[in-house]
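1. Pasting a predicted model and its sequence here:
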Amino acid sequence: MRGTPQPPRVAVTAEGSIAAKNNTTNSRSKHLPVIFNNQDTTGLNVPRNDPLVITLTIADGEVSRILVDTGRSVDIIFRETLRKMEVDESSIKLERNPLVSFAGDTTVSEGTVKLPVYVGNMRKTVKFTIIDTPTIYNTIFETPWIHSKKAIPSTYHQCIKIPLPDGVCTIKGSQSVSRACFVTERKTREPRGRPDDHDKNLKKKLRRRKKASEKGAEIKHVIIGKRASDPQGEIKIPTEKEEQNTYQTPRTEGPSPPPKQDSTKENPNTAN
């Protein structure tokens, strides 16, 4: 179900150009409590299960594809984003620290950088941890920034609200950008080939195994090796239907041993 078109937001292209204005609104009443209502969901597409991706002014430019997350204890900015923003390398403090994700994966940071972030009429310097890995996001705002601004994010309402001295600032997310990021990230994590290749290969193996088991009922002997004492003899495994020994070898050349006499038969020389 599609909603009404959403207003344009800032888009940082590969050249770092600005395409539209930042989408923030201020409530001018002082000491206004932070409230979410149905008006915040106007124009949103359902279901509203998308991550919250916003646009803000960082340093001298508008930066889009900012993920608002609460899973880490540091605010993250990526090396490629700094390159597009043309941040001076001298402002970067080199320090390597391991970052462990919830899944247990470890990523080593390259350093930290302090950049001003603008929300409404307020300016706050944020310390970002730099990571040099391919990513679909430009920046990830984590709990340090969220708590420092006393901000309240809501993925259901697709916005984050921040109390300011002159009211409440509402920063709306972009569902279209969020969903595009999700699709791109999923493609980058998938193995080469189509997603169903693994299932198809597994089904082929199961079919071959089933055919082999069906043919096994018709095979009388399966050669699995040779005896060390008899290189010409072959060890064979009989089927269940055959009443034979578990291992048997072909008879060797030479006279056959005399048949054993049945002790139960009467001796013809014995007198009655």
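-> Perfect, thanks for sending it. Residues are numbered from 1 along each chain as shown.
2. so which strand or helix has residue 67?
-> strand 61-68 (DSSP states H and E).
3. what pLDDT, on average, does that strand get?
-> Averaging pLDDT along strand 61-68 yields 94.
4. now do stretch 209-228
-> In this model, stretch 209-228 carries a mean pLDDT of 55.
5. for stretch 179-195, same thing?
-> Stretch 179-195 shows a mean pLDDT of 73.
6. Also stretch 149-167?
-> 93.
7. For this structure, just list every one of the helices.
-> All helices of the chain, identified by DSSP state H, fall at 79-85, 143-148, 175-189, 197-216.
8. In contact with residue 130: list those residues for me.
-> For residue 130, the contacting residues are 76-79, 82, 92, 109-113, by C-beta atoms under 8 Å, 6 or more residues apart in numbering. For glycine as for every other residue, the C-beta is placed from the backbone atoms N, C-alpha and C.
9. sorry, back to before: which parts of the strand holding residue 67 are buried?
-> Going by neighbour count (16 or more other C-beta atoms under 10 Å), the buried part of strand 61-68 is 62-68.
10. Stretch 113-124 now?
-> 113, 115, 117, 119-120.
11. For residue 115, which non-adjacent residue is closest in space?
-> Nearest non-adjacent residue to residue 115, counting by C-beta to C-beta, 6 or more residues apart in numbering: residue 59, 4.9 Å away.
12. any idea how far residue 81 is from that neighbour?
-> Residue 59 sits 11 Å away from residue 81, going by C-beta to C-beta, to the nearest Å.
13. Name the residue in those two with the higher neighbour count.
-> Under the criterion of other C-beta atoms under 10 Å, the comparison of residue 59 against residue 81 puts residue 81 first, with 23 against 15.
14. That one and residue 63 touch, don't they?
-> Yes - between residue 81 and residue 63 there is a contact under C-beta atoms under 8 Å: 7.0 Å.
15. Which neighbours do these two have in common?
-> Listed as contacting both residue 81 and residue 63 by C-beta under 8 Å, 6+ apart are 138-139.
16. residues in contact with residue 81?
-> Listed by C-beta under 8 Å, 6+ apart, the contact partners of residue 81 are 63, 138-139.
17. try it again with 6 Å
-> Counting by C-beta atoms under 6 Å, 6 or more residues apart in numbering, residue 81 makes contact with residue 138.
18. Tell me the pLDDT of it.
-> As predicted, residue 81 sits at a pLDDT of 95.
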